[in-house]
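Visitor: dropping the sequence and predicted coords here.
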Amino acid sequence: MTNRCTTAQSTEVVRRWAPPAIVTLAATAALTALTAAPPADAAPRRAPPEHTTEGAAPRDAGEPIMAIVSIKSQKVTIYDADGWVLRAPVSSGTAGRETPAGVFSVVEKDKDHRSSLYDDAWMPNMLRITWNGLALHGGPLPGYAASHGCVRMPFGFAEKLFDKVRIGTRVIISPSDAEPVEFSHPALFVPKSEAIAAAPTRSETLAREADEATKLAQQTKNSAALAVKEAAPLTAALRRLELAKTGADAALAVAEKALAAAKTDQAKARAEDQKQKAAAKVEELQTQLDAAKANAKSKLDAAAAAQDAAKASETKKADAAKAASEAKLALEPVSVFISRATQKLYVRRNTHKRLPDGGEVFDATIEVPVTIRNPDKPIGTHVFTAVARTDGGLRWTAVTIDSGDVAKAALDRITVPQDVLDRIAPTVLPRSSLIISDEPLHRETNYRTEFVIALNDQPQGGIINRPRSPDIRVARRDDFGFGWGGWGFNNTFGRGGQYYDPRQNNWNYYQRPQRWF
């Protein structure tokens, strides 16, 4: 990138020189260039960085796996499994509204987007990366950083890229030039061919079982409701008798106190008569209550049994839905994030469940502690991506965008819990990723994003100066397709941004979030 301060100083010097001096200096420079040949062993002069031009690799391109934006060089490069396929100049955020460096993914696509934050500005072929308003889109490129935080691309390039990119595609914004390099390490996930082959059938089987469990749960629920309805009159009658018996017991107690307090024979006789009547009433009501309970017992027991069966069916339904959800998600690429800041491991998968106002739901049911050796030592920010299958499993690349350990040393320091590996590794697919960073999840991470990670040692004006995404809760879905859990989100600084509570399994609403741009 051109040093704008140096350019300004040079221009000011030229203005102070008289025109004859400029001519003399130019002639002297030309004569020197013609007569002074460099020695044979002199190092070649470093050419100034070339301005990035739009281009495509001279080969058939595969589906884009990631986009890497270089803030330093003001360029974007698109990569498939075999290397770069497209590149173009960009214009990122200006001072105070800088495009944040970090790790993102595409969360929404809009062919003809209009900004609600910046005077209805046209943002064609928008690829949104945060819900508070950061995106890659077509726009004017003056040759330097000029946006309010988004990444502008050439209009034609943005249009060409739009249809090639899917939701969930990785977007890496690097402070300097970065590119994926071939990488291998024993800590990277190794799939099992038999598990991958069996995954579709397993998913279909568990989906059918979940469907059957859902139908059975509804049937038992209906049966329980009918049994309770039939027992309701008996229950009401028993309640009336119990209340009457309680009243009779109280009257008998009053009569006994009156008898004990009587001083005269006349008073004693009156009290004794009241006591006998109260006792007879208590006996009569007790007889009626016992008879009513005996007559109602079968129906009341049947209603209680039906309610217990309904609860058991709901539990089986929830278990079946969870199993079906995990089996279906196993057919999707998985993204794993390990944060040194929180000492936790997070897992995301795209459910492809569309939401009314755009975007898709990302599953986030795994969040566990992880062991990092020397936790006080910086580890850097590294993105490991499974780009293709190989005979031995998967071919991986690594991209490093922040100082710290080299990629291998970073992986050496981490121990992933075995139960998490057992759940993830057997069915890992191409496009899966493992991200390691010193940073926590950014507050913009929520149920409609994969991971949002911003480098805290780089300017973040373009994201800080925008209203944050609103706090939203999403209901549990009773359909077995993905079995959403009861998710709550807290977009506050210094916290994970997302919490999963499997106990909250009875919410059934959706709150439309506010649109910020």
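Guide: That came through, no problem.
Visitor: going by C-alpha atoms from here, please, whenever you check contacts or count neighbours.
Guide: Will do.
Visitor: name the residues linked to residue 113 by a beta bridge.
Guide: Under DSSP bridges, the beta-bridge partners of residue 113 are residue 123.
Visitor: quick check: it touching residue 127?
Guide: No: between residue 113 and residue 127 there is no contact under CA atoms under 8 Å: 9.7 Å.
Visitor: please name the nearest non-neighbouring residue to residue 248.
Guide: residue 282 (5.3 Å; CA to CA, 6 or more residues apart in numbering).
Visitor: how about the strands in the stretch 1-150 of the chain?
Guide: For the stretch 1-150 of the chain, the strands defined by DSSP state E, counting those that start in this stretch occupy 55-56, 66-70, 75-80, 83-89, 102-105, 108-114, 122-128, 135-138.
Visitor: before we move on, what about the stretch 251-400 of the chain?
Guide: Here the stretch 251-400 of the chain has its strands, by DSSP E, counting those that start in this stretch, at 335-339, 344-354, 360-369, 371-372, 381-390, 393-402.
Visitor: tell me which of these sits most buried.
Guide: strand 335-339 (a mean of 23; mean count of other CA atoms under 10 Å).
Visitor: sheet partners, orientation included, of it?
Guide: strand 344-354 (antiparallel), strand 433-437 (parallel).
Visitor: what's the angle from it to strand 381-390?
Guide: Following axes from the mean of the first three to the mean of the last three CA atoms, to 10 degrees, one obtains 150 degrees for the angle between strand 335-339 and strand 381-390.
Visitor: now do strand 335-339, average pLDDT.
Guide: Across strand 335-339, the average pLDDT comes to 97.
Visitor: and what of stretch 418-432?
Guide: Confidence over stretch 418-432, taken as the mean pLDDT, stands at 94.
Visitor: quick one: buried residues of it?
Guide: Residues of stretch 418-432 classed as buried: 424-432 (neighbour count, 16 or more other CA atoms under 10 Å).
Visitor: run through who's touching it.
Guide: With contact meaning CA atoms under 8 Å, 6 or more residues apart in numbering, stretch 418-432 is reached by 65, 189-193, 195-196, 199, 330-335, 385-389, 394.
Visitor: what of stretch 198-212?
Guide: 317, 320-321, 323-324, 327-328, 330-331, 427, 480-481.
Visitor: Throw those into CSV and include distance to residue 231, thanks.
Guide: Output for those, formatted as CSV (distance: CA to CA, whole Å):
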residue, distance to residue 231
317, 26
320, 31
321, 32
323, 36
324, 37
327, 42
328, 42
330, 46
331, 48
427, 51
480, 33
481, 36
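Visitor: quick one, which of those residues are buried?
Guide: 317, 320-321, 323-324, 327-328, 330-331, 427, 480-481.
Visitor: now for those residues: which two are most distant?
Guide: 317 and 427 (24.6 Å; CA to CA).
Visitor: before we move on, back to that, out of the strands of the stretch 251-400 of the chain, flag the one nearest residue 90.
Guide: Here strand 393-402 is closest among the strands of the stretch 251-400 of the chain (CA to CA), at 18.4 Å.
Visitor: and the angle for that closest one with strand 433-437?
Guide: Counting by the same axes, to 10 degrees, strand 393-402 lies at 30 degrees to strand 433-437.
Visitor: got the contact list for strand 393-402?
Guide: 102, 174-176, 178-184, 190-193, 380-389, 406-407, 429-430, 455.
Visitor: sorry, back to before: can you put the strands of the stretch 251-400 of the chain in a markdown table and add distance to residue 161?
Guide: What follows is these, written out as a markdown table (distance: least, CA to CA, whole Å):
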| stretch | distance to residue 161 |
| --- | --- |
| strand 335-339 | 23 |
| strand 344-354 | 21 |
| strand 360-369 | 20 |
| strand 371-372 | 38 |
| strand 381-390 | 19 |
| strand 393-402 | 21 |
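Visitor: how about these, which one is nearest residue 415?
Guide: strand 371-372 (5.3 Å).
Visitor: partner strands of that closest one, parallel or antiparallel?
Guide: Short version: by DSSP bridges, strand 371-372 pairs with strand 414-415 (antiparallel).
Visitor: pLDDT on the strand it pairs with, on average?
Guide: pLDDT averaged over strand 414-415 gives 95.
Visitor: may I have the helix or strand following that strand as PDB, with CA atoms only?
Guide: Using DSSP states H and E, the helix or strand that directly follows strand 414-415 along the chain is helix 418-424. Taking Å, rounded to 0.1, in the frame of the first residue of the first chain, the C-alpha atoms of helix 418-424 are listed here in PDB:
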ATOM      1  CA  GLN A 418     -11.300 -37.700  23.700                       C
ATOM      2  CA  ASP A 419     -15.100 -37.800  23.900                       C
ATOM      3  CA  VAL A 420     -15.200 -34.700  21.700                       C
ATOM      4  CA  LEU A 421     -12.900 -36.400  19.200                       C
ATOM      5  CA  ASP A 422     -15.100 -39.500  19.200                       C
ATOM      6  CA  ARG A 423     -18.100 -37.300  18.300                       C
ATOM      7  CA  ILE A 424     -16.400 -35.300  15.600                       C
END
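Visitor: how far off centre is helix 418-424?
Guide: 19 Å (CA atoms, centre = their mean, to the nearest Å).
Visitor: let's number from 35 now, not from 1
Guide: Sure thing, new numbering starts at 35, so read that last one as helix 452-458.
Visitor: isn't the residue nearest to residue 282 up against residue 284?
Guide: No: with contact defined as CA under 8 Å, residue 316 and residue 284 do not form a contacting pair (9.5 Å).
Visitor: more crowded one of these two?
Guide: Legend: neighbour count by other CA atoms under 10 Å for residue 316 and residue 284, higher for residue 316 (21 against 14).
Visitor: and that one, what is it in contact with?
Guide: Neighbours of residue 316 in contact, by CA under 8 Å, 6+ apart: 279, 282-283, 286.
Visitor: give me the pLDDT value at it.
Guide: 91.
Visitor: go on, residue 75?
Guide: Residue 75 is given a pLDDT of 34.
Visitor: same thing with the one 10 residues further on?
Guide: As predicted, residue 85 sits at a pLDDT of 66.
Visitor: now do residue 55
Guide: On the pLDDT scale, residue 55 gets 40.
Visitor: what's across from the residue lying closest to residue 222 once chain neighbours are set aside in the sheet?
Guide: By the measure of CA to CA, 6+ apart, the closest residue to residue 222 outside its immediate chain neighbours is residue 468, 7.9 Å from it. Counting by DSSP bridges, residue 468 is bridged to residue 370, residue 418.
Visitor: distance of residue 468 from residue 104?
Guide: Distance, residue 468 to residue 104, using CA to CA, to the nearest Å: 21 Å.
Visitor: got it, and residue 274?
Guide: 79 Å.
Visitor: so which of those two has more stuff around it?
Guide: A direct count of neighbours by other CA under 10 Å for residue 274 and residue 104 places residue 104 higher, at 23 against 13.
Visitor: show me the shaky parts of the stretch 185-334 of the chain.
Guide: By pLDDT under 70, the stretch 185-334 of the chain contains no weakly predicted segment.
Visitor: mind listing the helices for it?
Guide: 189-196, 227-295, 299-363 (DSSP state H, counting those that start in this stretch).
Visitor: by how many degrees do the second one and strand 427-436 diverge?
Guide: Between helix 227-295 and strand 427-436, the angle comes out at 70 degrees (the same axes, to 10 degrees).
Visitor: what's near enough to touch residue 118?
Guide: With CA under 8 Å, 6+ apart, residue 118 has these contacts: 91, 111-112.
Visitor: Throw those residues into a markdown table and include neighbour count, distance to residue 269 and pLDDT, thanks.
Guide: As requested, these are arranged in a markdown table below (neighbours: other CA atoms under 10 Å; distance: CA to CA, whole Å; pLDDT from 0 to 100):
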| residue | neighbour count | distance to residue 269 | pLDDT |
| --- | --- | --- | --- |
| 91 | 12 | 79 | 94 |
| 111 | 22 | 73 | 97 |
| 112 | 22 | 70 | 97 |
